[in-house]
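Undergrad: okay, here's the prediction I keep looking at, along with the sequence it came from:
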Amino acid sequence: MRGLQWFNALSAGATPVEGLPASLKVADGVLGEQPVRFIAVVTDAQNRFPRARNGEVGLLEGWGLAKAVDDAIARGDKRPLIAIVDVPSQAYGRREEALGIHQALAAAAESYARARLAGHPVIALLVGKAMSGAFLAHGYQANRLIALRDPGVMVHAMGKASAARVTLRSVEELEALAASVPPMAYDIDSYASLGLLWETLSVSQIEQPTVQDVERVGDCLVSAIKDIETPDLSSRLGATHRAASSHVRQLLREQW
């Protein structure tokens, strides 16, 4: 419910966007003095796809995100897009695979990328889990990533239990390995060491944000929007743990 709580808090007084799945919350409002569009994926107990009833990003959510972003692009005002991220996973299921979840999530990611390249500042606010293909579809294409400091805020390709099964380790062994290998860790500080986060913030009540919490986060979002100078993602490559990635890109530019 974190995504819904923060969406409601930040978009208070905004105009809801209709015609989207119930698992999407989209509203046009004002942040600072600038028109923005807030976008969040939320739980929907009545979702026609059972695998997407707990905030997962599935078929309806992927295509719905693409529509919400495409509609914002069509307005022509290059308003910032604020992606509020609390997504536990992509929706795994046979129906999802058969009906092309890869296309739905790719459409969402592509729309966010087109918006960013067209001059829309895209900011992702991580208030809960940012896992798997769900984060790739909703948030990862942002110019700036901001995370709230809390044990419940985590970024990874899969949950600990799943990662342990895939790597043939116990959860305890996985946690021990994560202590020395940042990309394997789940905590925000380890993720920040990869250079992908623009800012991390502490709030007093992450589950039920206070007025002061909302003001602080709002000010940070405004600062992030003002900080964006180019539409690319080159700002993510400055951290020590991204040195190899930077070197590879340099060699590719020199050779090609």
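TA: Sure thing, it's come through. Numbering: from 1, shown residues only.
Undergrad: now residue 26: which helix or strand?
TA: In this assignment (DSSP states H and E), residue 26 forms part of strand 24-31.
Undergrad: ditto for residue 126
TA: Residue 126 belongs to strand 122-131, assigned by DSSP H and E.
Undergrad: the stretch 1-150 of the chain: helices as residue ranges?
TA: 2-10, 59-75, 94-98, 101-117, 132-137 (DSSP state H, counting those that start in this stretch).
Undergrad: got the angle between the first one and strand 122-131?
TA: Helix 2-10 and strand 122-131 are oriented at 150 degrees to each other (axes from the mean of the first three to the mean of the last three CA atoms, to 10 degrees).
Undergrad: thinking again about what came up before, of the helices of the stretch 1-150 of the chain, which stretch is the most buried?
TA: Comparing these by mean neighbour count (mean count of other CB atoms under 10 Å), helix 132-137 ranks first with a mean of 25. C-betas here are computed from N, CA, C, even on glycine.
Undergrad: which ones are touching the most centrally placed residue in the chain?
TA: By CA atoms, centre = their mean, the chain has its centre lying nearest to residue 139, at 2.6 Å. Taking CB atoms under 8 Å, 6 or more residues apart in numbering as the contact definition, residue 139 lies against 83, 85, 87, 124, 126, 130, 145.
Undergrad: filter those residues to the buried ones?
TA: 83, 85, 87, 124, 126, 130, 145 (16 or more other CB atoms under 10 Å).
Undergrad: and those residues, which two are furthest apart?
TA: Pairwise distances across the buried ones among the contacts of residue 139 peak at 13.7 Å for 87 and 145 (criterion: CB to CB).
Undergrad: picking up where we left off before, mind putting the helices of the stretch 1-150 of the chain in a markdown table, distance to residue 51 included?
TA: Listed next are these as a markdown table, based on distance: least, CB to CB, whole Å:
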| stretch | distance to residue 51 |
| --- | --- |
| helix 2-10 | 18 |
| helix 59-75 | 10 |
| helix 94-98 | 6 |
| helix 101-117 | 9 |
| helix 132-137 | 12 |
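Undergrad: kindly reformat these as CSV containing distance to residue 52 and mean pLDDT.
TA: Formatted as CSV, those follow (distance: least, CB to CB, whole Å; pLDDT from 0 to 100):
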stretch, distance to residue 52, mean pLDDT
helix 2-10, 14, 96
helix 59-75, 6, 97
helix 94-98, 8, 94
helix 101-117, 9, 97
helix 132-137, 10, 94
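Undergrad: hmm, which of the contacts of residue 139 is lowest in pLDDT?
TA: Lowest pLDDT within those is found at residue 130 (93).
Undergrad: can I assume it is in contact with residue 154?
TA: Yes: counting by CB atoms under 8 Å, residue 130 does reach residue 154; the two are 7.2 Å apart.
Undergrad: for the buried ones among the contacts of residue 139, which one is nearest residue 41?
TA: Distance to residue 41 across those (CB to CB) is lowest for residue 87, with 5.4 Å.
Undergrad: re earlier: what's the strand holding residue 26 in contact with?
TA: Identification of contacts with strand 24-31 by CB under 8 Å, 6+ apart yields 3-4, 7, 10-17, 20, 35-42, 61, 64-65, 68, 79-80, 82, 218, 221-222, 225.
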